[in-house]
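Novice: Predicted model and sequence follow; I will ask about them next.
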Amino acid sequence: MADYSVKLLAKKPVTHNVNAYTVEKPAGFSYTPGQATDFSIQKDPWTAEKRPFTFTSLPTADTLEFTIKSYTDHDGVTNALTKVQPGDHFEISDAWGAIEYKGEGVFLAGGAGITPFLAIFRDLYSKGEVGANQLFFSNRTTADIILKEELEQILGDRFFNLISDENAEGYYHGRIDKDFLQAHITHFDQPFYVCGPDAFTESILKALEELGAKAETLVFEK
């Protein structure tokens, strides 16, 4: 896989711990919505610290965008990203990943796992093809919901938020589990898109299979 040096053009806050990073797009660079890249900050001591991050821009855009949650409780790559400034450089690889759109279905996201779905929904919205897709988005608090207003605009009443650590009016309280899926999904022979922390993804996939979803309908990062 080729590597590309790209300059940071802009950084803007999305939530209290999430930023959107707009970077140069290399000539001829392409990706499918949902795909990711191996990403590193071109500053010592981070140059060899590659992490997978998902593109959240439209493939047709002149620039690339990443929407990244920073974990500031330890000195890792995402914390270092809070300190970068326009003009700094990143290194990215060719696009890779198993998450891509395979037709109308149910999207199940935990926290920063929303990022591959942002690219998919933005792409569908730009084409007028959002259709009957549904999104169930699980977060700890309402302040953690990434791009809530944009997702509401795209999905309307097919966007559902679950909050685990607050009893917030107008939101489902709890987590996405087998009981929740059984209560809110009418059939399990449609595509299911799953992304979140490893434990989230594993538990959701297990529940879906127990509820009758077939392996070939499950879209997740393998």
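Specialist: Right, received. Where do you want to start?
Novice: So what's the residue count around E104?
Specialist: 14 (other C-beta atoms under 10 Å). Every C-beta, even on glycine, is put in place using the N, C-alpha and C of the backbone.
Novice: Report the contact partners of it.
Specialist: E104 makes contacts with G131, A132, N133, Q190, P191, as judged by C-beta atoms under 8 Å, 6 or more residues apart in numbering.
Novice: Secondary structure class of it, three-state.
Specialist: The assignment at E104 comes out as coil when based on DSSP: H, G, I helix; E, B strand; the rest coil.
Novice: Nearest residue to F180 in space, please, no chain neighbours.
Specialist: In space, and not counting its chain neighbours, F180 is closest to G174: 6.8 Å by C-beta to C-beta, 6 or more residues apart in numbering.
Novice: ok, now which residue in the protein is the farthest from the centroid?
Specialist: What lies farthest from the middle of the chain is D44; by C-alpha atoms, centre = their mean that is 27.4 Å.
Novice: Mind telling me what element that residue is part of?
Specialist: Using DSSP states H and E, D44 sits within no helix or strand.
Novice: Kindly report the same for N161.
Specialist: According to DSSP H and E, N161 maps onto strand 159-163.
Novice: Distance from the chain centre to that strand, please.
Specialist: Distance of strand 159-163 from the chain centroid (C-alpha atoms, centre = their mean, to the nearest Å) equals 15 Å.
Novice: how's the protein carved up into domains?
Specialist: What automatic domain parsing lists as the domains of the chain is 3-93, 106-219.
Novice: and of those, who's closest to E100?
Specialist: Closest approach to E100 among the domains of the chain (C-beta to C-beta): domain 3-93, 4.6 Å.
Novice: Confirm R122 sits in a helix?
Specialist: Yes - according to three-state DSSP, R122 belongs to a helix.
Novice: from what I can see it touches T56, true?
Specialist: Yes - R122 is in contact with T56 according to C-beta atoms under 8 Å; the separation is 7.4 Å.
Novice: which residues are contacting the lengthiest strand in the chain?
Specialist: With secondary structure taken from DSSP state E, the chain has its longest strand at strand 3-15. Residues from elsewhere that reach strand 3-15 (C-beta under 8 Å, 6+ apart): 19-26, 29, 42, 63-64, 67, 84-93, 143-147.
Novice: Recalculate using a threshold of 6 Å.
Specialist: Identification of contacts with strand 3-15 by C-beta atoms under 6 Å, 6 or more residues apart in numbering yields 19-24, 26, 84, 86, 88-93, 146.
Novice: out of the residues you listed, which are buried?
Specialist: When the contacts of strand 3-15 are checked for burial by 16 or more other C-beta atoms under 10 Å, the buried set is 19-24, 84, 88-93, 146.
Novice: quick one: Q85 from Y21, how far?
Specialist: Q85 is 11 Å from Y21, where distance means C-beta to C-beta, to the nearest Å.
Novice: Note down every partner strand of the lowest-mean-pLDDT helix or strand in the chain and its orientation.
Specialist: Lowest by mean pLDDT, DSSP states H and E among the helices and strands of the chain is strand 172-173, with a mean of 94. If you go by DSSP bridges, strand 172-173 pairs up with strand 159-163 (parallel).
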